[in-house]
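> predicted model, plus sequence, below.
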Amino acid sequence: MINKNNSKIIAVVPARGGSKGIPRKNIKLLKGKPLITYTIEAAKKSKLIDRIIVSTDDVEIANIAKECGAEIPFLRPEELAKDDITDLPVLQHVLKWLIVNEDCNPDLMIYLRPTAPIRDPEDIDRAVKLLMDSSADSLRSVSLVKEHPYWMFKLDENNVLEAFNKDNSIREYPRRQLLPDLYIINGNIDIVRSRNITDNKLYGKKVIGFNIDHEKAIDIDSLLDFKLAEFILGKND
């Protein structure tokens, strides 16, 4: 049985009931299962996560998450469930609730978005160890960019192409092999030290990156993304 007061690593799964792009996205079925269950199942397979807490304002999402094995110690307040809410106040709410109600102040909080259903539990544990073995304030998963910004352009008022990055453009890097590796944050795994949240600084000053493959980094924001996720998951069946 979990000693909640001694929980050091807590996964937080944010799951609002509302969604502009895809209605009820977080519980839309993906290969027969609600989307959120993939994230909870990956977190349950982690060897280092002590607890999984779903932060939601929605009773139906809460019930599905609870059936899958996550904790729902509270329902998220309405003011923290609006479209423009950012990650920091959501995590602050979770941390404050834990401290006030359970005297639990974890070392790390892992932010696992349910819109990233293809997540490797071993990646979660490797990421945790990477942060714990470092002096960094936080960790964010990244992937190599597919479309390199050195090859991007703007259109002026006359539709003339202008290099987006004039100091580093396709003229200086005419072949793809010459382009330096650049990475984009993919939202698959974010880990922060709780002290950051207390200090009102989500990621802190020093952030390390954790590189994962593009197939694992899919972030569902459209029906096309759902189809792509179904295809990738089908390959692993």
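Everything's here; your move. Numbers count the residues shown, from 1 in each chain.

> which SS state does L130 fall under?
helix (DSSP: H, G, I helix; E, B strand; the rest coil).

> same question for N26.
helix.

> residue numbering should commence at 466 henceforth.
Sure, I'll start counting at 466 from here, so that last one is N491.

> so what's the backbone phi/psi at the nearest residue to it once chain neighbours are set aside?
Nearest non-adjacent residue to N491, counting by CB to CB, 6 or more residues apart in numbering: A480, 4.4 Å away. No exception for glycine: its C-beta is placed from N, CA and C like everyone else's. The phi/psi pair for A480 (degrees, to the nearest 10) reads phi -150, psi 90.

> what about A480, how many neighbours?
Counted by other CB atoms under 10 Å, the residues lying close to A480 total 28.

> show me what the longest strand along the chain is packed up against.
Determined from DSSP state E, the single longest strand within the chain is strand 648-658. Under the contact criterion of 3 or more CB pairs under 8 Å, 6 or more residues apart in numbering; DSSP states H and E, strand 648-658 touches strand 573-576, helix 586-597, strand 603-609, strand 672-676.

> closest to P542 out of these?
Nearest to P542, of all the helices and strands packed on strand 648-658, is strand 573-576, at 18.4 Å by CB to CB.

> now the closest one: mean pLDDT?
Regarding strand 573-576, the rounded mean pLDDT is 98.

> same deal with stretch 634-652?
92.

> what of stretch 486-504?
Stretch 486-504 carries an average pLDDT of 93.

> re earlier: Provide the strand pairings for the longest strand of the chain, with the direction of each partner.
The strands beside strand 648-658 in its sheet (DSSP bridges) come out as strand 573-576 (antiparallel), strand 603-609 (antiparallel).

> between the longest helix seen in the chain and strand 648-658, how many degrees?
Taking DSSP state H as the criterion, the chain has its longest helix at helix 552-567. With axes from the mean of the first three to the mean of the last three CA atoms, to 10 degrees defining the directions, helix 552-567 sits at 20 degrees from strand 648-658.
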